[in-house]
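Peer 1: I'll drop the sequence and a predicted model, then ask my questions.
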Amino acid sequence: MPKKIAAFGELLWDLLPNRKVLGGAPANFIYRINSFGDNGTLLSKVGNDKAGREAREALKRLGVSDENIQTDYEFPTGSVKVKIDNFGNADYNIITDVAYDHIEINAEMIDAFSQASCVCFGTLVQRYGISKNTLRELIHESPDVVKFLDINLRNNCYTAASIEESLKMANILKTNDEELLITKNLLNLKHENLKELAQETIEKYNLEIILCTLGSNGAFCLTNDDVFYYDSGYQISLGDTVGSGDAFSAGFVHYYMNDRPIEEALSFGNAAGAMVATTTGATSPISKEEILDFMVIPHNRNSVRFHQ
Ligand SMILES: OC[C@H]1O[C@](O)(CO)[C@@H](O)[C@@H]1O
């Protein structure tokens, strides 16, 4: 049975150096979730403009319903200017006060959230009051649902308060090494070492799992009963990093919510993220079968050491 997974947040156009592609972490996440065979719902908002109409069409072409995409009559559809450096790393200039900052609560959204088995959200959509409050209410109405926080810290789009509130709402945190250290500094956590910092964060915010991606060095996972797994990085030819973390999250959630062992979920997510990093933009099609095939090909894998 496909699992019902919902995500709340930004749907936008990523303006890459030479073309525009549909993006927004929750949109990218739900696209991958559906491509893996689960039943994903995206909760967002676009403007009453050409970009909004095109976003709906693009979304549907990607196999994601626009049923829970609201239309805003005042604010434009979101967009992001994405610069890619010589190493393929993305720098995001995120346009502010756009339609997805104004998502309003309604009965359909409450149903989509509370009837899902897992919901995903990030910090970017919490930069203004309306969407932030809608998210809080949706979470409040969904007590028995697994809450997956893909923290996605984007410049000028988070505060210590939005990070802390998000951690309090979450059961599972997905972060990257850099974001975990930013979180440490803003929330005055103690540990420098990533594993110890993850332990401290789990305890302080009562999390069940932390997933931490490490760029080309793979990813690790730590649970609240202190089970630790590490999956090393793949040596790939990098397209760009856009959407790679979103694919990691979708891969992990797909396996985890379908009752696969956490170690397998980590490996599948890590491979999904690596494969998306070989493409440009966040929504190039990659099937589950292609990821599974990729995982069994012998690869050169990078390896990091943890100071345990
Ligand atoms: O959501 C914020 C930004 O992050 C991405 O999702 C990539 O992870 C982009 O598509 C978007 O511009």
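Peer 2: Perfect, I can see it now.
Peer 1: With adjacent residues omitted, what lies nearest to the closest residue to the ligand within the chain?
Peer 2: Going by C-beta to the nearest ligand atom, the ligand is nearest to residue 23 of the chain, at 2.7 Å. The way it works is simple: take the backbone N, C-alpha and C, and place the C-beta from them, glycine included. Nearest non-adjacent residue to residue 23, counting by C-beta to C-beta, 6 or more residues apart in numbering: residue 14, 3.6 Å away.
Peer 1: does residue 32 really touch residue 252, like I thought?
Peer 2: No. Shown here, residue 32 and residue 252 do not form a contact pair, counting by C-beta atoms under 8 Å, at 10.5 Å.
Peer 1: Identify the residues contacting the closest residue to residue 149 other than its chain neighbours.
Peer 2: With C-beta to C-beta, 6+ apart as the criterion, residue 149 has its nearest non-adjacent residue at 3.7 Å, and that residue is residue 170. For residue 170, the contacting residues are 147-149, 205, 207, by C-beta atoms under 8 Å, 6 or more residues apart in numbering.
Peer 1: In strands, which of those residues fall?
Peer 2: Among these, DSSP state E puts 147-149 in strands.
Peer 1: would you turn the residues you listed into a markdown table with neighbour count?
Peer 2: Converted to a markdown table, the ones in strands among the contacts of residue 170 look like this (neighbours: other C-beta atoms under 10 Å):
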| residue | neighbour count |
| --- | --- |
| 147 | 20 |
| 148 | 26 |
| 149 | 25 |
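Peer 1: nearest to residue 64, of the residues you listed?
Peer 2: Nearest to residue 64 among the ones in strands among the contacts of residue 170 is residue 148, at 17.5 Å by C-beta to C-beta.
Peer 1: mind showing which ranges of the chain have poor pLDDT?
Peer 2: Confidence mapping of the chain against pLDDT under 70 gives the ranges 305-308.
Peer 1: Hmm, residue 155 and residue 179 touching each other?
Peer 2: No. Counting by C-beta under 8 Å, residue 179 does not reach residue 155; the two are 11.8 Å apart.
Peer 1: quick one, which of those two is more surrounded?
Peer 2: Set residue 179 next to residue 155 and count neighbours by other C-beta atoms under 10 Å: residue 179 wins out with 22 against 9.
Peer 1: May I have the host helix or strand of the more buried one as PDB, with CA atoms only?
Peer 2: For residue 179, the host element (DSSP states H and E) is helix 177-186. Extracted in PDB, the C-alpha atoms of helix 177-186 (Å, rounded to 0.1, in the frame of the first residue of the first chain):
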ATOM      1  CA  ASP A 177      26.800  19.300   8.600                       C
ATOM      2  CA  GLU A 178      26.900  23.100   8.000                       C
ATOM      3  CA  GLU A 179      23.300  23.500   9.100                       C
ATOM      4  CA  LEU A 180      23.900  21.500  12.200                       C
ATOM      5  CA  LEU A 181      26.800  23.800  13.200                       C
ATOM      6  CA  ILE A 182      24.700  26.900  12.500                       C
ATOM      7  CA  THR A 183      22.000  25.400  14.700                       C
ATOM      8  CA  LYS A 184      24.600  24.800  17.400                       C
ATOM      9  CA  ASN A 185      25.700  28.400  17.400                       C
ATOM     10  CA  LEU A 186      22.200  29.900  17.300                       C
END
